[in-house]
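*Asks:* A structural model of the following input is requested.
(2 chains)
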Amino acid sequence: MSDQDEHRPEFQPFEFFTEAHLVEVTGISAKNLNELLDNLHRVSGSVIYCHTFKTMLEHHFITEGFRNDFALWIMDSIGDEELGERLSSIDLIDYVTLRDYRMKMIEIIKDHLSVYPEAGDRPAKQGNPFFFCEANTYFMTTYRVANTLEEFANHLRRSSRNSIFFHFIESRLRVGATINDFSVWMIQSLGMNELGRKINALDPYKYSLDDLKDQICELVETEL
Amino acid sequence: MRNEIDEYRTIVGTNEIEEIKMLAGRLEGTRMHNVNSTAVGGGVAEILMRLIPLMRGLGIDATWETMSGADDFYAVTKAFHNGLHGKDVEIVDKMFEIFENYTQLNIDTFEKEADCYIIHDPQPVGLIRKKKENPGSKWVWRCHIDVSRPLPEIWDFLEKYVRDYDASIFSMPEFSQKLSIPQVLISPSIDPLSDKNRELDRKFIEQVFEKYGIDPDRPSITQVSRFDRLKDPVGVIEAYKLAKKRTDCQLVLAGGGATDDPEGKAVLDEVMAAADGDPDIKILELPPFSDLDINALQRGSSIVVQKSLREGFGLTVTEALWKATPVIGSAVGGIKSQIINGVTGYLVWSIEGCARRFEDILRDPEKSAVMARNGKELVRSRFLLTRHIKNYLMLMVKLTGKAPVDSKDSRIMKLVSDRDCA
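*Replies:* Numbers count the residues shown, from 1 in each chain, chains lettered A, B, ... in the order given. Prediction:
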């Protein structure tokens, strides 16, 4: 019997979930940075999620220089490369609450406007306002459940990008810690701390979600 | 059970099809009735022709009918359509009266019972009055047109109907309105299995190029658009001329025939004059049903450009991205949501910038190929017909309460609309 078959007392089977999104328009828009900043304070968490996490999922193929919607608009429509660059560099996966991520964006924009106060009223090019949208997220089971590392590896190979995103990226918002679901399961249910640590150390910005899945699969399969 | 949706497995992946089936499974037997104004011609009829059989294959009892009207009604709705697009049309009270009369006529004969009604565009919007006969039914107004700058008197008139719906759907955030009902965003999509978008073999593409006198061995830049000043074909020629000073290339401007459109004819004359007999500029007036030729031109070109001055969604951009052809587009309308500047293509703001990007792409095929691959992936995840269907299913699941927010069933499917972020 291998190590991973010796279930720990905290053992729970691993259930693979996935997610899908339906977007709603809020009717709130911003024509310049000052308006963007004002609205960032008051929009819902689902709006912040929509323009950051959901965008990361949809831009899953970008392996360098991921930019959230706010940064993209600031660069392309306001033409402010410096602020766009600063907002792009906030590491999404360092944040375990949308509140903290929102506050970081607000802090950076405020700081930028304190240096360049005239930038706040600069209108978006060609009248392109920023439209705040919010995401409805549908979490769904895939009915795939793993009781062993081998079963886990088989299911993982067949998992969708959305499922990888759910367990590896979005997990931080659910768990409230900078750790992904896969690592939590390996550590808590299988006692495979080293494997869990290695998987958690993978950099999702370096890989597309497909490549990230391959990397996780490789790490898991070396243990089989 | 295998059905038509399974044909898309090789394109979007098995998991995506399984998710669509899972959503559809929540709605099995749900009656979804669509109403629009025309059975043939126009984008809405085209979408419904694909959507209805796919939905039925998924177990949704999807049906479709067209409303009835006569010439005076369609003259009014045509004027409304133009006015909603921001054109200055004359509106008189009699037009509202005609609209109301035909609305009542259709209400009197409307008998279809359903769980969810999708009413497409302004013409049948008044059918919402039937809701009171079946208060448990859900009604959705699907607006396919650009209403970003509507004439207020027309929008105010329509809004009195729209506000009674359970939800509305718009194609782009720019088109949304101040409404008290939810406004869902469902982007347009392309069908990867249609003649316009399916894979073609190299030989066929070369034959099409030869047919139109384009050298397949030299770089070519193509814009597919009707001859309309808002598509800026003359600007494309100017950008081509600037780029051509330093880089060899050909230019293809492919649009529909302009014989029955006086403005189109005038624009075509301007384009001819701007081309000034340059043998490397091909101006093609393509007949209807040229989808395969357009597909080949988009696939075989070195660059597809869409230099519009104003644009709705810009499906020609979607089509080109899907074919992994490098794309340059103006930063207007829906093009902005498809081109991530420098990642899935290049956004441009001027003729000079457009010329510069022509050269960048032709000189750096490696970077261009990476952008083109990214563009294809963006379309795969956001702008294919399967995503369109999935969005409709998600909306119906939400409206009919088939995705519990908190119950023992929520382990299977759970909807989170309000994330904690105070």
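*Asks:* Can you pull the domain assignment for chain B?
*Replies:* Following the assignment in automatic domain parsing, chain B carries domains at B:4-189+B:384-418, B:202-382.
*Asks:* Mind putting those domains into JSON lines with mean neighbour count, distance to A:T142 and mean pLDDT?
*Replies:* (Each C-beta comes from the backbone N, C-alpha and C, glycine too.) Supplementary listing: the domains of chain B in JSON lines, determined by neighbours: other C-beta atoms under 10 Å in any protein chain shown; distance: least, C-beta to C-beta, whole Å; pLDDT from 0 to 100:
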{"stretch": "domain B:4-189+B:384-418", "mean neighbour count": "18", "distance to A:T142": "7", "mean pLDDT": "92"}
{"stretch": "domain B:202-382", "mean neighbour count": "20", "distance to A:T142": "18", "mean pLDDT": "94"}
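*Asks:* Report the separation between B:I118 and chain A.
*Replies:* The gap separating B:I118 from chain A is 15 Å, by C-beta to the nearest C-beta, to the nearest Å.
*Asks:* a strand runs through that residue, doesn't it?
*Replies:* Yes: checked against DSSP: H, G, I helix; E, B strand; the rest coil, B:I118 lies within a strand.
*Asks:* contacting residues for whichever residue of the stretch 101-250 of chain B sits closest to chain A?
*Replies:* Of all residues in the stretch 101-250 of chain B, B:P173 sits closest to chain A, with a separation of 3.4 Å (C-beta to the nearest C-beta). By C-beta atoms under 8 Å, 6 or more residues apart in numbering or on different chains, the contact set of B:P173 is A:V25, A:S29, A:F131, A:C133, B:L185.
*Asks:* farthest pair in those residues?
*Replies:* The most widely separated members of the contacts of B:P173 are A:S29 and B:L185, with 13.4 Å between them, by C-beta to C-beta.
*Asks:* For the helix or strand containing B:A75, name the packing helices and strands.
*Replies:* Taking DSSP states H and E as the definition, one finds B:A75 inside helix B:71-84. Contacting helix B:71-84 under the criterion 3 or more C-beta pairs under 8 Å, 6 or more residues apart in numbering or on different chains; DSSP states H and E are the following elements: helix B:93-109, helix B:152-162.
*Asks:* Can you tell me which of these is nearest to A:N180?
*Replies:* For the helices and strands packed on helix B:71-84, the distance to A:N180 is smallest for helix B:152-162, at 43.4 Å, taking C-beta to C-beta.
*Asks:* Could you check the closest one against chain A for contacts?
*Replies:* No: using C-beta under 8 Å from any C-beta of the partner chain as the criterion, no contacts between helix B:152-162 and chain A are found, and the smallest distance is 13.4 Å.
*Asks:* For the helix or strand just after that helix, give me every contacting residue.
*Replies:* As assigned by DSSP H and E, the chain's next helix or strand after helix B:152-162 is strand B:167-170. Contacts of strand B:167-170 with the rest of the structure, by C-beta under 8 Å, 6+ apart, involve A:25, B:138, B:140-143, B:147, B:162, B:176-177, B:179, B:181-186, B:395, B:399.
*Asks:* which one is A:N34 nearest to, not counting chain neighbours?
*Replies:* If the residues on either side of it in the chain are set aside, A:N34 comes closest to A:G120, at 4.0 Å by C-beta to C-beta, 6 or more residues apart in numbering or on different chains.
*Asks:* got it, and B:D228?
*Replies:* Excluding its sequence neighbours, the residue lying closest to B:D228 (C-beta to C-beta, 6+ apart) is B:V267, at 6.1 Å.
*Asks:* Test my guess that that neighbour contacts B:D232.
*Replies:* No: the pair B:V267 / B:D232 is not scored as a contact, 10.0 Å apart, by C-beta atoms under 8 Å.
*Asks:* Just to be sure, A:T141 is in a helix?
*Replies:* No: the assignment for A:T141, made by three-state DSSP, is strand rather than a helix.
*Asks:* what's it in contact with, if anything?
*Replies:* Going by C-beta under 8 Å, 6+ apart, A:T141 touches A:E15, A:F16, A:F17, B:R411, B:I412, B:M413.
*Asks:* got it, and A:I74?
*Replies:* With contact set as C-beta under 8 Å, 6+ apart, A:I74 has these partners: A:L33, A:L36, A:D80, A:L83, A:G84, A:L87.
*Asks:* Double-check that it belongs to a helix.
*Replies:* Yes: the assignment for A:I74, made by three-state DSSP, places it in a helix.
*Asks:* Centre of the chain to stretch B:158-177, how far?
*Replies:* 17 Å (C-alpha atoms, centre = their mean, to the nearest Å).
*Asks:* Start and end of it, how far apart?
*Replies:* Terminal residues of stretch B:158-177 are spaced 12 Å apart (C-alpha to C-alpha, to the nearest Å).
*Asks:* what do you get for stretch B:181-201?
*Replies:* One end of stretch B:181-201 to the other measures 48 Å (C-alpha to C-alpha).
*Asks:* Is the closest residue to B:V162 other than its chain neighbours in a helix, a strand, or coil?
*Replies:* Nearest residue to B:V162, sequence neighbours excluded (C-beta to C-beta, 6+ apart): B:W141, at 5.4 Å. Under three-state DSSP, B:W141 falls in the strand class.
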